[in-house]
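>>> sequence and predicted structure, then a few things I'm wondering about:
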Amino acid sequence: MAKTKTHTRFVCQQCGRVAASYMGKCPQCGAFDSMTEEVIHDESAAKKNAVNIRGLTGRSEPQPISKVGGEAEERVPLAIGEFARVLGGGIVPGSIVLVGGDPGIGKSTLMLQMAMEMAKTQKVLYVSGEESERQIKMRAVRLNDKKLPEQLLLVTETNLEVILNHVRASQPDLLIVDSIQTVYLSELDSSAGSVSQVRECSSQLRELAKSSGISVFMIGHVTKEGNIAGPRVLEHIVDTVLYLEGDRFQAYRLLRSVKNRFGATSEVGVFEMREGGLSEVTNPSEAFLAERLVNAAGSSIAVTMEGTRPILVEIQGLTSPTQFGNARRTPNGVDFNRLLLITAVLTRRVGLKLAEQDVFVNVVGGIQIDEPAADLAVAAAIASSWKDLPVKADVVFIGEIGLAGELRMPSQMVARLREAQKLGFKTAIVPKAIRRGEEYPKGIEIVEVRSLDQALDAALKKS
């Protein structure tokens, strides 16, 4: 019998780079002390069985594209409307979804709520590598004090071979793995959570989903930088990547889609953390503006797009004379470099003396705004605080600011204006459109301006 040759290699747990010897710093991603040793078998059992387990649909045979069935698969309806919205309308049979988020943000709670809803009509297998069946039941009772569904099966297991045996025996319609970093293959010598284990376990779960039609949801840990732990290849393996975001001191949670092969990317679902779990927020704009102090200096309303949904948020600005040599710029919810750009334009193009002022900007509700369409609202909030003049209560701001002080048109303007009109706002200050694709709504006054100076004069005019 031939001997099986083995050799060792070192793999970075951040980016997946392979090296022949240990290095204290990864030359690819720059992470320190991220190289771990792995033992490689030239003729391992994993490679011997690869022929049997590989393949998404069994025996592969090329066929003309015209012969391929093109009927769209019906999605499985999901009772949690905000979750279904992010997925693109429901669960696609045979899809594999990765859900990430900070510790304690509510990933397991959301997955258990979805499992209990789906178990009313389908068989669901919930595999946990971090909690016992008893602990999961205690949380399920807290989330739903009614009769627990009989078709929700619980098991605590981390060995992937055993998990696949449970799947073959129970034949579920939906499989939930909490979390993928705790699952391991005994054929690999590396520890659970390593690059090799995460990549191989995810690949086998993907093949299970594609070949059997079972929908698979995986929960993934995140690093201190906020990325899903493991190499980026994990996000390429799955069909959909969702992030559950939010401030632990805020009640609102945002479920954001950053990759979706079956729907729109950057779609967002809004939830509120309550004693009974995560509750849907069907009208997030109204929720974010509920505690707004009307006619207060330093407050403005921005209309931002989260996927295909327009959301109105309150932006607060505060200027205060600096006590030190260098003025501070402190953003919360907006990009720091974007705030520096806006304050520079306000200083140079509008004439506000902000060089000796500390500037603070806050987005109410813990939401993070990344698009430049909120520039005008941020500038209005800062100018309102500096001049100590309140912005008109029924005005919204939409526009991107250029370095010359000009305003530029953002995308999906009509959808933003309709959302503002629906919530009762009477005036919208927007950039002057050179070409307009659709007609603006009739129930809201549109003030078109070319520069930031004109926009602030229209917004801060004394009544």
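That came through fine. Numbering: from 1, shown residues only.
>>> what about the stretch 351-463 of the chain, any weak spots by pLDDT?
434-437, 461-463 (pLDDT under 70).
>>> can you map out the strands along it?
Under the criterion DSSP state E, counting those that start in this stretch, the stretch 351-463 of the chain contains strands at 357-363, 395-397, 400-401, 407-408, 427-431, 445-449.
>>> contacts for the fourth one?
The list of residues contacting strand 407-408 from outside it, by CB atoms under 8 Å, 6 or more residues apart in numbering, reads 376, 399-402, 430-432, 449-452, 455. C-betas here are computed from N, CA, C, even on glycine.
>>> hmm, back to that, deepest in the core, which of the strands of the stretch 351-463 of the chain is it.
When you average the neighbours per residue for each of the strands of the stretch 351-463 of the chain (mean count of other CB atoms under 10 Å), strand 395-397 leads with a mean of 25.
>>> which secondary structure element is home to residue 259?
Counting by DSSP states H and E, the element that carries residue 259 is strand 252-260.
>>> turn the contacts of strand 407-408 into JSON lines, columns for distance to residue 250.
Putting those into JSON lines (distance: CB to CB, whole Å) gives the following:
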{"residue": "376", "distance to residue 250": "25"}
{"residue": "399", "distance to residue 250": "27"}
{"residue": "400", "distance to residue 250": "27"}
{"residue": "401", "distance to residue 250": "27"}
{"residue": "402", "distance to residue 250": "32"}
{"residue": "430", "distance to residue 250": "29"}
{"residue": "431", "distance to residue 250": "31"}
{"residue": "432", "distance to residue 250": "36"}
{"residue": "449", "distance to residue 250": "33"}
{"residue": "450", "distance to residue 250": "37"}
{"residue": "451", "distance to residue 250": "35"}
{"residue": "452", "distance to residue 250": "31"}
{"residue": "455", "distance to residue 250": "30"}
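>>> re earlier: quick one: buried residues of the strand holding residue 259?
Using 16 or more other CB atoms under 10 Å as the test for burial, strand 252-260 gives 252, 253, 254, 255, 256, 257, 259, 260.
>>> residues of the longest strand anywhere in the chain that come out buried?
The longest strand of the chain (DSSP state E) is strand 309-321. Buried residues in strand 309-321, defined by neighbour count with 16+ other CB under 10 Å: 309, 310, 311, 312, 313, 314, 315, 316, 317, 318, 319.
>>> chain center to stretch 305-325, what's the gap?
From the chain centre to the centre of stretch 305-325 is a distance of 20 Å (CA atoms, centre = their mean, to the nearest Å).
>>> okay, now the unreliable bits of the stretch 1-150 of the chain?
For the stretch 1-150 of the chain, applying pLDDT under 70 flags the ranges 1-5, 40-60, 69-73, 145.
>>> all strands for it, in order.
6-12, 18-19, 35-41, 96-101, 124-128.
>>> nearest to residue 162, out of these?
strand 124-128 (9.6 Å; CB to CB).
>>> and the closest one, how far out from the chain middle?
Taking mean C-alpha positions (CA atoms, centre = their mean), strand 124-128 and its chain are 23 Å apart.
>>> packing partners for it?
Helices and strands touching strand 124-128, by 3 or more CB pairs under 8 Å, 6 or more residues apart in numbering; DSSP states H and E, are helix 107-118, strand 152-156, helix 160-170, strand 174-178.
>>> that strand pairs with which strands, parallel or anti?
The strands that strand 124-128 pairs with in its sheet are strand 152-156 (parallel), strand 174-178 (parallel) (by DSSP bridges).
>>> what is the orientation angle of it with helix 107-118?
160 degrees (axes from the mean of the first three to the mean of the last three CA atoms, to 10 degrees).
>>> now do strand 124-128: everything it contacts.
Outside strand 124-128, the residues that reach it (CB under 8 Å, 6+ apart) are 111-112, 115, 118, 136, 151-157, 163, 166-167, 170, 172-178.
>>> would you confirm that residue 205 contacts residue 216?
Yes. Assessed by CB atoms under 8 Å, residue 205 is found in contact with residue 216 at 5.3 Å.
>>> return the top helix by length along the chain as PDB; C-alpha atoms alone will do.
Secondary structure of the chain per DSSP state H: the longest helix is helix 195-212. Only the C-alpha atoms of helix 195-212 are listed here, as PDB (Å, rounded to 0.1, in the frame of the first residue of the first chain):
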ATOM      1  CA  VAL A 195      -9.900  29.400   5.800                       C
ATOM      2  CA  SER A 196      -9.800  25.800   4.500                       C
ATOM      3  CA  GLN A 197     -12.700  24.600   6.700                       C
ATOM      4  CA  VAL A 198     -15.000  27.600   6.000                       C
ATOM      5  CA  ARG A 199     -14.300  27.400   2.200                       C
ATOM      6  CA  GLU A 200     -14.800  23.600   2.000                       C
ATOM      7  CA  CYS A 201     -17.900  23.400   4.200                       C
ATOM      8  CA  SER A 202     -19.600  26.300   2.400                       C
ATOM      9  CA  SER A 203     -18.800  24.600  -1.000                       C
ATOM     10  CA  GLN A 204     -20.500  21.400   0.100                       C
ATOM     11  CA  LEU A 205     -23.500  23.200   1.500                       C
ATOM     12  CA  ARG A 206     -23.800  25.000  -1.800                       C
ATOM     13  CA  GLU A 207     -23.700  21.700  -3.700                       C
ATOM     14  CA  LEU A 208     -26.300  20.300  -1.300                       C
ATOM     15  CA  ALA A 209     -28.600  23.300  -2.100                       C
ATOM     16  CA  LYS A 210     -28.200  23.200  -5.800                       C
ATOM     17  CA  SER A 211     -28.600  19.400  -6.200                       C
ATOM     18  CA  SER A 212     -31.500  18.900  -3.800                       C
END
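>>> all set now, cheers.
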